[in-house]
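**Q** no FASTA, just this:
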């Protein structure tokens, strides 16, 4: 099950931007944040892929969703101009943004290259 983040849960699980000026990830494993809207067709195409990945990488990667309509402050903080926008957040280092409805193999490659993790067998 994918977790939907609000401003409050984002600050405890990802980044407390009110407390820290420099990026400091709050999580204990890498995460992907899907910035989406309910009316967005490409966003709806990515949703089942993310659901699948959350099961296949359970315990290795957290997958979150942020509704850009409801969480405008988070969207503007990351400069979200188009959706879906996906933020890949490693435990250490800077997050990386990707735009558009990515196919599953691109997520798997990013998990391997950015997060250095493989799928659970």
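**A** Received it, and whenever you're ready, just let me know what you need. Every value quoted in this text rests on a predicted model; they were computed, and no experiment measured them.
**Q** how long is stretch 76-86 end to end?
**A** End-to-end distance of stretch 76-86 (C-alpha to C-alpha, to the nearest Å): 14 Å.
**Q** From the chain's centroid, how far away is it?
**A** Once both centres are worked out by C-alpha atoms, centre = their mean, to the nearest Å, stretch 76-86 turns out to sit 11 Å from its chain's centre.
**Q** what do you get for stretch 72-89?
**A** Relative to its parent chain, stretch 72-89 has a centroid offset of 9 Å by C-alpha atoms, centre = their mean.
**Q** And it, end to end?
**A** The first and final residues of stretch 72-89 sit 20 Å from each other (C-alpha to C-alpha).
**Q** And it, what's buried?
**A** Applying a neighbour-count criterion of 16 or more other C-beta atoms under 10 Å, one finds 74, 75, 78, 80, 83, 84, 85, 86, 87, 88, 89 buried in stretch 72-89. Glycine gets a C-beta too; all of them are placed from N, C-alpha and C.
**Q** show me where the protein has strands.
**A** Using DSSP state E, the strands found in the chain span residues 3-4, 31-36, 62-67, 85-89, 96-99.
**Q** what's the most buried one of these?
**A** Highest mean neighbour count of the strands of the chain: strand 31-36, a mean of 24 (counted as mean count of other C-beta atoms under 10 Å).
**Q** outside of it, which residues touch it?
**A** Under the contact criterion C-beta atoms under 8 Å, 6 or more residues apart in numbering, strand 31-36 has outside partners 2, 5, 13-14, 43, 46-47, 50, 53, 61-68, 74-75, 78, 80, 83-89, 107.
**Q** Provide the angle between the direction of that strand and the direction of strand 62-67.
**A** Between strand 31-36 and strand 62-67, the angle comes out at 20 degrees (axes from the mean of the first three to the mean of the last three C-alpha atoms, to 10 degrees).
**Q** Neighbouring strands of strand 31-36 in the sheet, and parallel or not?
**A** Here strand 31-36 has these sheet partners by DSSP bridges: strand 62-67 (parallel), strand 85-89 (antiparallel).
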